[in-house]
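[1] fold the stuff below for me.
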Amino acid sequence: MTSGTASGIPAARVSGRAPWSLRRRLVLSIIALLALGAITIGLVSAFTLQGILMGRLDNQLVSASRRSQDFTQQNPGFTDNSSGQPNTNPGGPAQGPDTVIVRIVGGAVATARYYDAAGALHHLTKAQDAIVLALPTDGNPQTVNLGGSLGSYRMVVASTPDGDLIANGLPLTDVNTTVYQLLGIIGGITIIVLVIAFWVGRWVVRIALNPLERVVATATHVSELPLDRGEVALGVRVPETDADPRTEVGQVGAAINRMLGHVASALTSRQASENKVRQFVADASHELRTPLASIRGYAELTRRGDYELPPDVVRSLGRVESEAVRMTSLVEDLLLLARLDEGRDLERRPIDLSTVLVDVVSDAHAAGPDHVWSLEIPDDPVTIDGDRARLHQVFANLLANARVHTPAGSAVTVALTAEEGRAVVTVTDDGPGIPEALQPVLFERFARGDSSRSRAAGSTGLGLAIVSAVVEGHRGTVSVTSSPGTTVFRVELPLA
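    Purely as a prediction, here's the structure:
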């Protein structure tokens, strides 16, 4: 299986995903970098703040542990107030609300209590006691989750002078709340900054890509120019401000300008060569008309003389005369094409296409009585500004083409209509059709359906080329659609 790249098809087209534009890539890259930076700053700030707050909390915890140790040493027979009422006679160490104090005697919890913000005494559950008993006794603060209504605590276990253990704990609620608030603030600010950066980035990238868009506009304009024929003045260039080689876009613009310069030179050379060929054809055609007329005249004069000529001489003179006629027709066609290439030999007068088609179909009926000819024209005149003789030649060539390339008995229909400011003439036949490979080059000069030169048909390969040149000289278009059994030539001309 060949990949999309190997077959010349972009991967994005193969997968069905539209490729991202450079503008989108740049904007999204900027947003992604800003988001990554903001996330990094937020996390670093949160961890740093958490470390600072945890350090302060640990200092408070160590102080609370010392107070508990001092109180225990001074009051060895101290017992808790277990009534669950507000502690009116605390008798214990001065500690803040929600501070957990656990006394461990002989590996078992003797007292485990804390006072809430209202001063009410609470005792730990057995599960919470087990969590405290599992703490290391090295005097280093540890983070534990006591569960229930207490949640996360920072606790430290210290030894008393009498060999017992006492554990103190401070809640992490304030620390976590402060860190979460910081993260929320940073997150909100990040979202606002990203939204602003998105719109500002779009504006900045659009301004930055304006030179590239101008370069693209220049290349697009050049691509729309008719460079395939005729004299071309390729004066389009990328502006000098967008062709500065010190910038990336300027390097592209300068490269396009150099390419356009080479293309202009090539087009100028091609046009000069074509002009020489056209001039040679026109001069040769003009010069050949006189000797060809002389050959025909002398051949006809000799053949019609009052003296006896051998039959083979008479036949040879007939062949000389017929070939002179064919060559005269070819010379006339070449001379007409040369004049049309120069924009000459066309008149501009109001003419009714209906009368032209009536004459053309009548001539075609006389030349090909073995075909079925039909004409469909509207009741109202269809008037255009054009050259009557040349348009007569256009439609005569189309009908001659249909007569020559279709078998006897074929039906040929000529129809005239007016559509949206244009006169439309169609020539339709039910012959064998035109080969598909020939249709793209059908209106080129010397194009033939048969590679051999058919002398019986008398074709020079210039008939349809003349049709195209004359129609284009009238600012019209000609096209063909063909399939076995149906061939349609369509000529469109602007109405007067």
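[2] quick one: list the elements packing against the helix or strand that residue 42 is a member of.
    According to DSSP states H and E, residue 42 maps onto helix 22-74. Judged by 3 or more C-beta pairs under 8 Å, 6 or more residues apart in numbering; DSSP states H and E, helix 22-74 is in contact with strand 152-159, strand 165-171, helix 173-223. C-betas here are computed from N, CA, C, even on glycine.
[3] the same query, at a cut-off of 10 Å, please.
    Counting contacts by 3 or more C-beta pairs under 10 Å, 6 or more residues apart in numbering; DSSP states H and E, helix 22-74 packs against strand 100-105, strand 152-159, strand 165-171, helix 173-223.
[4] relative to strand 165-171, how tilted is it?
    For helix 22-74 against strand 165-171, the angle by axes from the mean of the first three to the mean of the last three C-alpha atoms, to 10 degrees is 140 degrees.
[5] picking that back up, I'd like the helices and strands packed on helix 22-74 as TSV, with mean neighbour count appended.
    Formatted as TSV, the helices and strands packed on helix 22-74 follow (neighbours: other C-beta atoms under 10 Å):
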stretch	mean neighbour count
strand 100-105	21
strand 152-159	19
strand 165-171	24
helix 173-223	14
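[6] distance to residue 273 and mean pLDDT for those - can I get that in JSON lines?
    Formatted as JSON lines, those follow (distance: least, C-beta to C-beta, whole Å; pLDDT from 0 to 100):
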{"stretch": "strand 100-105", "distance to residue 273": "101", "mean pLDDT": "83"}
{"stretch": "strand 152-159", "distance to residue 273": "90", "mean pLDDT": "85"}
{"stretch": "strand 165-171", "distance to residue 273": "94", "mean pLDDT": "86"}
{"stretch": "helix 173-223", "distance to residue 273": "22", "mean pLDDT": "86"}
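[7] export those to JSON lines and tack on distance to residue 70?
    Below are the helices and strands packed on helix 22-74 laid out as JSON lines (distance: least, C-beta to C-beta, whole Å):
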{"stretch": "strand 100-105", "distance to residue 70": "13"}
{"stretch": "strand 152-159", "distance to residue 70": "11"}
{"stretch": "strand 165-171", "distance to residue 70": "10"}
{"stretch": "helix 173-223", "distance to residue 70": "25"}
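[8] and those: which comes nearest residue 51?
    Closest approach to residue 51 among the helices and strands packed on helix 22-74 is made by helix 173-223 (10.1 Å; C-beta to C-beta).
[9] can you give me the strands for this structure?
    Using DSSP state E, the strands of the chain run over residues 100-105, 108-115, 121-123, 142-145, 152-159, 165-171, 349-352, 372-376, 383-386, 411-419, 422-429, 477-483, 486-494.
[10] so which of these comes closest to residue 257?
    Checking the strands of the chain against residue 257 by C-beta to C-beta gives strand 477-483 as the closest, at 34.1 Å.
[11] now what about that closest one, what contacts it?
    Applying C-beta atoms under 10 Å, 6 or more residues apart in numbering, the contact partners of strand 477-483 are 394, 398, 422, 425-429, 431-436, 438-440, 442-443, 464, 467-472, 487-493.
[12] parallel or antiparallel, list what pairs with that strand.
    strand 486-494 (antiparallel) (DSSP bridges).
[13] what comes up buried for the partner strand?
    Using 16 or more other C-beta atoms under 10 Å as the test for burial, strand 486-494 gives 487, 489, 491-493.
[14] quick check: angle from that strand to strand 411-419?
    Going by the same axes, to 10 degrees, strand 486-494 makes 30 degrees with strand 411-419.
[15] what is the rounded mean pLDDT of strand 486-494?
    Regarding strand 486-494, the rounded mean pLDDT is 91.
[16] could you do stretch 20-34 as well?
    The pLDDT scores in stretch 20-34 average 84.
[17] returning to what we had before: so can I have a markdown table of the strands of the chain showing distance to residue 297?
    Formatted as a markdown table, the strands of the chain follow (distance: least, C-beta to C-beta, whole Å):
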| stretch | distance to residue 297 |
| --- | --- |
| strand 100-105 | 133 |
| strand 108-115 | 135 |
| strand 121-123 | 136 |
| strand 142-145 | 122 |
| strand 152-159 | 121 |
| strand 165-171 | 126 |
| strand 349-352 | 34 |
| strand 372-376 | 35 |
| strand 383-386 | 34 |
| strand 411-419 | 36 |
| strand 422-429 | 36 |
| strand 477-483 | 37 |
| strand 486-494 | 37 |
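[18] related to what we said a few turns ago, please list only the buried members of the contacts of strand 477-483.
    Buried members of these, scored by 16+ other C-beta under 10 Å, are 394, 398, 422, 425-429, 431, 433-434, 439, 442-443, 464, 467-471, 487, 489, 491-493.
[19] max-length helix in this structure?
    Identified as the longest helix of the chain according to DSSP state H is helix 248-303.
[20] with just CA atoms, put stretch 31-38 into CSV.
    Output in CSV follows, covering the C-alpha atoms of stretch 31-38 (Å, rounded to 0.1, in the frame of the first residue of the first chain):
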residue,chain,number,x,y,z
ILE,A,31,-1.5,30.4,23.6
ALA,A,32,0.0,27.0,24.4
LEU,A,33,3.3,28.6,25.5
LEU,A,34,1.5,31.1,27.7
ALA,A,35,-0.7,28.4,29.2
LEU,A,36,2.4,26.2,29.9
GLY,A,37,4.2,29.2,31.5
ALA,A,38,1.2,30.1,33.6
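[21] any weak-confidence spans in the stretch 301-450 of the chain?
    Across the stretch 301-450 of the chain, the ranges flagged by pLDDT under 70 are 341-345, 446-450.
[22] helices along that one, start to end?
    Along the stretch 301-450 of the chain, counting by DSSP state H, counting those that start in this stretch, helices occupy 311-341, 353-367, 388-404.
[23] list the residues that contact residue 367.
    Residues in contact with residue 367 (C-beta under 10 Å, 6+ apart) are 396, 399-400, 403-404.
[24] out of the residues you listed, who has the most neighbours?
    Neighbour counts for the contacts of residue 367, by other C-beta atoms under 10 Å, peak at residue 399, which reaches 25 neighbours.
[25] so how far is residue 396 from the closest residue to it other than its chain neighbours?
    Nearest residue to residue 399 in three dimensions, chain neighbours excluded: residue 364, at 4.1 Å (C-beta to C-beta, 6 or more residues apart in numbering). Note on residue 364: its distance to residue 396, by C-beta to C-beta, to the nearest Å, is 7 Å.
[26] repeat for residue 19
    53 Å.
[27] again with residue 171
    106 Å.
[28] and if you look at residue 261?
    According to C-beta to C-beta, residue 261 stands 46 Å off from residue 396.
[29] what of residue 120?
    With distances taken as C-beta to C-beta, residue 120 is found 116 Å from residue 396.
[30] no further questions, thank you.
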